[in-house]
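K.L.:
Any chance you could fold what I've pasted below:
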Amino acid sequence: MESANDRVVRIGGMTLRFRVDETQGAGDLVMFEFEVLPKARVPVALFHRDVDEAVYGLDGTLTTTVD
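P.N.:
This is a model prediction of the structure:
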């Protein structure tokens, strides 16, 4: 369920629902739900100098590159 404060971004076969962003709290956390349709391509990983990002998968397989 989306609240009025949630920001939703749709790009191709993926949907991001931001729950917490860098403007909230101490400014060092971004939290979002990331939904990807089967076989959809996603943008390359980004580097965040001042914000940590963690990924927790609930279902399916996602391949990513680290470093």
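K.L.:
Every contact and neighbour count from this point should use C-alpha atoms.
P.N.:
Will do.
K.L.:
how about the strands in this protein?
P.N.:
7-11, 14-20, 31-36 (DSSP state E).
K.L.:
and these as TSV, adding mean neighbour count, distance to Asp59 and mean pLDDT?
P.N.:
As requested, the strands of the chain are exported to TSV (neighbours: other Cα atoms under 10 Å; distance: least, Cα to Cα, whole Å; pLDDT from 0 to 100):
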stretch	mean neighbour count	distance to Asp59	mean pLDDT
strand 7-11	12	19	88
strand 14-20	16	14	85
strand 31-36	16	10	84
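K.L.:
In CSV: these, plus distance to Asp52.
P.N.:
Conversion of those to CSV gives the following (distance: least, Cα to Cα, whole Å):
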stretch, distance to Asp52
strand 7-11, 19
strand 14-20, 12
strand 31-36, 9
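K.L.:
Among those, which comes closest to Thr63?
P.N.:
strand 31-36 (12.2 Å; Cα to Cα).
K.L.:
related to what we said a few turns ago, for Tyr56, find the nearest of the strands of the chain.
P.N.:
Nearest to Tyr56 among the strands of the chain is strand 31-36; the distance by Cα to Cα comes to 9.4 Å.
K.L.:
Give me the sheet partners of the closest one and which way each runs.
P.N.:
When pairing is defined by DSSP bridges, strand 31-36 lines up against strand 14-20 (antiparallel).
K.L.:
List the contacts of the partner strand.
P.N.:
5-10, 29-37, 40, 42 (Cα atoms under 8 Å, 6 or more residues apart in numbering).
K.L.:
how about a cut-off of 6 Å?
P.N.:
For strand 14-20, contacts defined as Cα atoms under 6 Å, 6 or more residues apart in numbering pick out 6-9, 30-36.
K.L.:
Show me the shaky parts of this protein.
P.N.:
The model of the chain has pLDDT under 70 over residues 1-6, 45-48, 53-55, 67.
K.L.:
Now with 50, please.
P.N.:
1-2, 4 (pLDDT under 50).
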